[in-house]
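[1] sequence-free structure coming up:
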């Protein structure tokens, strides 16, 4: 019997899983991809950084947060994760 959500997560994904994923990616795409980066929490990054402006880079529309000096939260919050997905 599993006693916690953490135990479930650890049982579903081992450390070796990510290592296997990296090896697979490098073997399949390594000759075509020059630079690699691991992206974590794209949703949180785009929402906090480009919608509310509470996180870096702090871009949003003035009507959302008076501290924001530039940005368009109606557009950037959606295009940022899309563009980040192209990097991965």
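    Looks like it came in fine. The structure presented is a predicted model; accordingly, all values stated were derived computationally and were not measured.

[2] what's the single longest helix in the protein?
    In the chain, with assignment by DSSP state H, the single longest helix is helix 15-29.

[3] roughly how far apart are the residue nearest the centre of the chain and residue 50?
    By C-alpha atoms, centre = their mean, the chain has its centre lying nearest to residue 42, at 2.2 Å. For residue 42, the distance to residue 50 (C-beta to C-beta, to the nearest Å) stands at 11 Å. Yep, even glycine has a C-beta here, placed from its N, CA and C like the rest.

[4] now do the shared contacts for these two.
    Taking C-beta atoms under 8 Å, 6 or more residues apart in numbering as the contact rule, residue 42 and residue 50 both touch residue 80.

[5] where does this protein dip in pLDDT?
    1-15, 85-88 (pLDDT under 70).

[6] if I read this right, the residue nearest to the centre of the chain contacts residue 81, doesn't it?
    Yes - using C-beta atoms under 8 Å, residue 42 is in contact with residue 81, at 4.6 Å.

[7] ok so, going back, what separates the residue nearest to the centre of the chain from residue 59, distance-wise?
    Applying C-beta to C-beta, the value for residue 42 to residue 59 is 16 Å.

[8] then residue 31?
    36 Å.

[9] settle it for me: which of these two has more neighbours?
    Per other C-beta atoms under 10 Å, whichever of residue 31 and residue 59 has more neighbours is residue 59, with 20 against 8.

[10] what is the neighbour count of the nearest residue to the more buried one once chain neighbours are set aside?
    Spatial nearest neighbour of residue 59, chain neighbours left out: residue 71 (3.1 Å); criterion: C-beta to C-beta, 6 or more residues apart in numbering. Around residue 71 sit 21 other residues, with neighbours defined as other C-beta under 10 Å.

[11] helix or strand: which one has residue 71?
    Secondary structure from DSSP states H and E places residue 71 outside every helix and strand.

[12] pretty sure residue 47 sits against residue 76.
    No - using C-beta under 8 Å, residue 47 is not in contact with residue 76; the gap is 10.7 Å.

[13] contact partners for the residue nearest to residue 59?
    Shown in contact with residue 71 (C-beta under 8 Å, 6+ apart): 50, 53, 58-61.

[14] try 7 Å
    Applying C-beta atoms under 7 Å, 6 or more residues apart in numbering, we find residue 71 in contact with 50, 53, 59-61.
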